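1. Give the three-dimensional model of this entry:
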Amino acid sequence: MSMTTTTMDSPAARFVPTARQAWHLVLGGFAATGFYEVWANWPTHLFAGYPLEPPALVKALFHHQLGWGVGDIMAKALHYLTGVVFYPLGYWLVTRVSPFGHPADGWIWGVITYFIALGFWAPLAGLPFLLIGENNPLSFMSLIGHAIFGYVLAVVFQGLERASPSR
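-> The predicted structure follows:
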């Protein structure tokens, strides 16, 4: 039995993590978001000429859709909340239906998060789809960063689950 398979009583319970699994997901999300922050600010800046700035995407989204000015702290908090809580929960759901298993499910989820961020949210924020155009190097670095984010999330989560299995 793989670590992404559970033996719960009801089919619906399979899609809700236990408290321990939720904690492991948060820890994985924290590690993955920490990696992403380093990736966004150092290698991306060297390769693309400027860093990835997810809080700027959050600010642009709120301004473009609602006309609201969101401050730096709120934008960063929403970005971190997404990386530490929401994307890990999405990873959890993907592992419930993914036939690929670990670590492929992490890579796949990472690529999905790239499409969520730059394929869905960026156009809603008034930016080009996947930042295609003048921002191709930035888009490429975002793709790599998100893919590795998913991998780090999966490795940390699966490692914690092996070390202290949820029942």
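2. which residue is nearest the middle of the protein?
-> Using Cα atoms, centre = their mean, the residue of the chain that lies closest to the mean C-alpha position is Y87, 4.3 Å off.
3. if I look at it, how far off is P54?
-> Separation of Y87 from P54 (Cβ to Cβ, to the nearest Å): 11 Å. Quick note: C-beta positions are derived from backbone N, CA and C, even for glycine.
4. cool, and L160?
-> With the distance defined as Cβ to Cβ, L160 ends up 25 Å from P54.
5. Which of the two has more residues huddled nearby?
-> When neighbours are counted by other Cβ atoms under 10 Å, L160 and P54 differ, and P54 comes out ahead with 23 against 20.
6. any idea how far the more buried one is from T82?
-> As it turns out, when the distance is counted by Cβ to Cβ, P54 lies 8 Å from T82.
7. what does F115 give?
-> Separation of F115 from T82 (Cβ to Cβ): 14 Å.
8. who's more crowded, those two?
-> Relative neighbour count places T82 above the other of F115 and T82, with 20 against 14, counting by other Cβ under 10 Å.
9. The more buried one and V152, how far apart?
-> Counting by Cβ to Cβ, the separation of T82 from V152 is 15 Å.
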